[in-house]
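1. Sequence first, then the predicted structure:
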Amino acid sequence: MAGGELFIKDTEAMGDKAELAHEEVVQIVALTEEEKVLERKLRIRIDALIMPLVILVYLMNYIDRNNYAAARLQGLEEDLSLSDSDYQTGLSILFVAYILMQVPSNMLLNYVGRPSLYLGFFVCAWGLVSALTSQVKSYGGIVACRFILGLVEAPFFAGVLFYLSKWYTKKELALRMSIFYAGSLLSGAFGNLIAAGILNGLAGHRGISAWQWLYIIEGAITCAIGLVICFVLPDFPDTWRLLSPEMKQIANRRLAIDAAEADVDEAGGMSQVRGMKLAFTDAKTYILAIAYMAITGASGFQNYFPTLTKTLGYSEIVSLLLVAPPYIFMVVWSLIHSHFSDRFGNRFWFFTYPIPITIVGFIVFMTTSSFGPRYFSFFLMIFVFTMNGTLYSWIANAIPRPPAKRAVAYAFINSIGNSASIWTPYTYRDQETPYYRTAMGVCIALQVLAAICAITLRLLLQHQNRQLERLENEDITLTEKEIRKLRKTAELEGIDIAAARRLQKGFRYML
């Protein structure tokens, strides 16, 4: 016991010195009041140019990815002689390529070092692939185009996360990511509205089918936006000509301050290999990955949304128009949902309350045939999208440090989550129209799985919070097991034992 008490005193003394040093560093580099005034102007300038551009691209990203579902109602299957399984393969193959390209994309972005050219190039690339998809004549052609589309779309999301982190502090980034994610929901509404307009006005024009016009027009728009990104999107503060030298200096300093406050020296010796080891030995990584896969699979109906609304008995144009209201409703609801989740500092309840709502929606759709209940079920099913934003925030709090561990965990969770989009399309079988009971049953099972993951994660975090509270109690003597754990943390993260204990101080996992 004496050894444990001596260890406590030593670590407390070393921790106090480290905290004093940290306070001195922060005091030296903190922005002055005059600089904070310029910082507010800088933030407004960044918000006015960068955020609208990346949201616009994200909107087109989802439109080009999901126009496959709208094209199904415009004669794609008939023109290409696709069977039900052929269509499903074309849907899932995109996500195979999407997952394969995640890690190479980040490596390439770091090598290029020019986000404007990098992102702009791939935006133009997927716009070109989308436009050329209009010329395919067979099953093999559509599968090849969908695979290539997944390859060239994959760099965008990971690239934008990296890009925005070069402009915004962590506190600022949370709100911007919530607004950014709303772009994917808006795409569900506007993409199908565009498809309805094309079907109404251009079907058969110049001998070209409606689904071909859909790919041509949306692909051309995306290419134009990609060119704008290449020439208008600033790379980094140092190279943005619209910023004065003072603003450039503040832009760099405030990010340096933010990084210093987040990870003073704890992650200085952290390599990617060590980060990978930490991520893959943390049970939370796997729980979050399974939860993400579950909600991604449960939201797979978005790839069949126009097909599902077609079961209401209306024309193709009306069926496309009926997709928009649920998405627009969810854009508003998800922003309110995320605001209150942050305000109350809670993730578990905001992750779980949509689960019974979505399950009711799936049950109503698979058991009723009248218009009112079936259309209302879409507004219930779409609550699954509120869970995405909550999960992103929960990941950041459940795996907060070190950065190398967090980076690997994000990549792994994203890959496992998107894998659900490879196999869930095969559960939507034409012979089960209009109820799609197999698909709805799978969605219900996946939501139950998500609930189990949330409960398991909450119990685990409560246990770890009790351990953190014990480590902070100066009146208790650490056990040999706790001392060994701190030593292991210090060894893995490349820090001393005092810093390892200081990592725990004042921190609690958000439940």
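-> Looks like it came in fine. Because the structure is a prediction, the values reported are computed rather than measured.

2. Let me see the domain layout of this structure.
-> The record's domain parsing of the chain by automatic domain parsing lists 38-265, 274-472.

3. Which one of the ones you listed has the poorest average confidence?
-> The weakest mean pLDDT among the domains of the chain belongs to domain 38-265, with a mean of 83.

4. Work out the gap between that domain and the centre of the chain.
-> Distance of domain 38-265 from the chain centroid (C-alpha atoms, centre = their mean, to the nearest Å) equals 13 Å.

5. Switch the domains of the chain over to CSV; also include distance to residue 509 and mean neighbour count.
-> In short, each C-beta sits where N, CA and C put it, glycine included. Formatted as CSV, the domains of the chain follow (distance: least, C-beta to C-beta, whole Å; neighbours: other C-beta atoms under 10 Å):
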stretch, distance to residue 509, mean neighbour count
domain 38-265, 16, 18
domain 274-472, 4, 19
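
6. Let me have these in TSV, extended by distance to residue 480.
-> What follows is those, written out as TSV (distance: least, C-beta to C-beta, whole Å):
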stretch	distance to residue 480
domain 38-265	27
domain 274-472	14
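
7. Among those domains, which comes closest to residue 32?
-> In this view, the domains of the chain are compared for proximity to residue 32 by C-beta to C-beta, and domain 38-265 is the closest at 9.6 Å.

8. How much space separates the spatially most central residue of the chain from residue 427?
-> Note on the chain: the residue nearest the mean C-alpha position is residue 392, at 6.4 Å, using C-alpha atoms, centre = their mean. Separation of residue 392 from residue 427 (C-beta to C-beta, to the nearest Å) stands at 26 Å.

9. Over to residue 95?
-> For residue 95, the distance to residue 427 - C-beta to C-beta - is 15 Å.

10. cool, residue 57 as well?
-> Taking C-beta to C-beta, one finds residue 57 at 31 Å from residue 427.

11. isn't the residue nearest to the centre of the chain right next to residue 177, touching?
-> Yes - shown here, residue 392 and residue 177 form a contact pair, counting by C-beta atoms under 8 Å, at 6.9 Å.

12. Residue 428 contacts residue 305, correct?
-> No - with contacts counted by C-beta under 8 Å, residue 428 stays clear of residue 305, the gap being 10.9 Å.

13. what about the helices in the stretch 401-511 of the chain?
-> 403-418, 420-423, 437-472, 480-493, 497-504 (DSSP state H, counting those that start in this stretch).

14. check contacts around the residue nearest to the centre of the chain.
-> 177, 181 (C-beta atoms under 8 Å, 6 or more residues apart in numbering).

15. How about residue 355?
-> Counted by C-beta under 8 Å, 6+ apart, residue 355 has contacts 387, 447-448, 450-451.

16. Nearest residue to residue 366 in space, please, no chain neighbours.
-> The shortest distance from residue 366 to any non-neighbouring residue, by C-beta to C-beta, 6 or more residues apart in numbering, is to residue 440 (4.2 Å).

17. Ok, residue 373 next?
-> residue 364 (5.4 Å).

18. what's the helix or strand for the one you found?
-> Using DSSP states H and E, residue 364 falls within helix 354-367.

19. which helices and strands sit right next to the lengthiest helix in the chain?
-> When the chain is parsed with DSSP state H, its longest helix is helix 33-72. Here helix 33-72 touches helix 84-100, helix 115-132, helix 139-165, helix 170-201, helix 210-232, helix 245-262, helix 305-310, going by 3 or more C-beta pairs under 8 Å, 6 or more residues apart in numbering; DSSP states H and E.

20. Now those in TSV, please, with extra columns for distance to residue 352.
-> Formatted as TSV, the helices and strands packed on helix 33-72 follow (distance: least, C-beta to C-beta, whole Å):
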stretch	distance to residue 352
helix 84-100	26
helix 115-132	35
helix 139-165	26
helix 170-201	19
helix 210-232	36
helix 245-262	29
helix 305-310	24
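
21. For the closest residue to residue 426 other than its chain neighbours, which residues are in contact?
-> Counting by C-beta to C-beta, 6+ apart, residue 426 lies nearest to residue 88, which is 5.0 Å off, once chain neighbours are set aside. When contacts are counted by C-beta under 8 Å, 6+ apart, residue 88 touches 425-426, 428.

22. Now intersect those residues with the strands, please.
-> The strands, defined by DSSP state E, take in nothing from the contacts of residue 88.

23. what's next to the helix or strand that contains residue 78, contact-wise?
-> Per DSSP H and E, residue 78 falls inside helix 76-80. Outside helix 76-80, the residues that touch it by C-beta under 8 Å, 6+ apart are 68, 82, 86-87, 136-139, 141-142, 209, 211.

24. swap in stretch 309-329?
-> Against stretch 309-329 from outside (C-beta under 8 Å, 6+ apart): 70, 73-74, 185-186, 188-190, 192-193, 195-196, 199-200, 305-306, 371, 374-375, 378-379, 381-382, 433-434.

25. Backbone dihedrals for residue 370, both of them.
-> Per-residue torsions, residue 370: phi -80, psi 150 (degrees, to the nearest 10).

26. Oh, that last question was meant for residue 208, not what I typed.
-> phi -110, psi 130.

27. wait, what's in contact with it?
-> By C-beta under 8 Å, 6+ apart, the neighbours of residue 208 are 134, 202, 216.

28. Please apply the same query to residue 146.
-> By C-beta under 8 Å, 6+ apart, the contact set of residue 146 is 68, 90-91, 93-94, 133.

29. what's the closest non-adjacent residue to residue 228?
-> Spatial nearest neighbour of residue 228, chain neighbours left out: residue 53 (7.4 Å); criterion: C-beta to C-beta, 6+ apart.

30. Also residue 397?
-> Nearest to residue 397 is residue 510, by C-beta to C-beta, 6+ apart, at 4.2 Å.

31. The one you found - how many residues pack around it?
-> 17 (other C-beta atoms under 10 Å).
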